[in-house]
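> Coordinates for the following, if possible.
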Amino acid sequence: MSARRNYIVTYDVRDPKRLRRVFKTCRDHGTHLQFSVFECDLNRLEKAAFEALLRDIIKHDEDQILFIDLGPSAQRGERIITALGQTYEKLNPPCFVA
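Numbering: from 1, shown residues only. Alright, predicted model coming up:
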């Protein structure tokens, strides 16, 4: 089994139907942080499978999904999130996308 890595996954999806499908797929693979932002703890195979699911949902000439690699999970330490503007509050399920 390959080492786990932390990723920030964020997306810009133009169509509401695709947006809901991308949201649900991301929710199944990570922690929902803010609207279209998730934190995911994945090994290499999990990431590849996750990307394949998303690849089949999006329209490649209209939508974008970013995976931002934060490094190895084992070295992450405590996650500290600070905010400007509105106070950051952990989202609690259920979370619905219209």
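
> The longest helix anywhere in the chain: which residues count as buried?
Longest helix in the chain, counting residues (DSSP state H): helix 44-57. Buried residues in helix 44-57, counted by 16 or more other C-beta atoms under 10 Å: 46-47, 50, 54, 57. Placement of C-beta: from N, CA and C, glycine included.

> Downstream of it, the next helix or strand is which one?
Next in sequence after helix 44-57, counting helices and strands by DSSP states H and E, comes strand 64-72.

> part of a helix, is Leu33?
No: the assignment for Leu33 is strand, going by DSSP: H, G, I helix; E, B strand; the rest coil, so no helix is present there.

> Point out where the protein drops to low pLDDT.
Low-confidence segments of the chain (pLDDT under 70): 1, 76-77, 91-98.

> how does it look with 50?
98 (pLDDT under 50).

> Return the distance of the longest helix of the chain from the chain's centre.
Helix 44-57 has its C-alpha centroid displaced from the chain centroid by 12 Å (C-alpha atoms, centre = their mean, to the nearest Å).

> and it, what does it pack onto?
Applying 3 or more C-beta pairs under 8 Å, 6 or more residues apart in numbering; DSSP states H and E, one finds that helix 44-57 contacts helix 16-27, strand 37-42, strand 64-72.

> Could you give the separation of the second one from the chain centroid?
Between the mean C-alpha point of strand 37-42 and the mean C-alpha point of its chain there is a distance of 5 Å (C-alpha atoms, centre = their mean).

> out of the helices and strands packed on helix 44-57, deepest packed?
strand 37-42 (a mean of 18; mean count of other C-beta atoms under 10 Å).

> wait, what's in contact with Tyr11?
22, 26, 36, 58, 63-66 (C-beta atoms under 8 Å, 6 or more residues apart in numbering).

> Can you tell me which of the residues you listed is closest to Pro16?
Nearest to Pro16 among these: Val22, at 10.7 Å, using C-beta to C-beta.

> if I read this right, the closest one contacts Lys59, doesn't it?
No: when contacts are counted by C-beta atoms under 8 Å, Val22 is not listed as touching Lys59 (10.8 Å).

> check which helix or strand covers Glu89.
Using DSSP H and E, no helix or strand contains Glu89.
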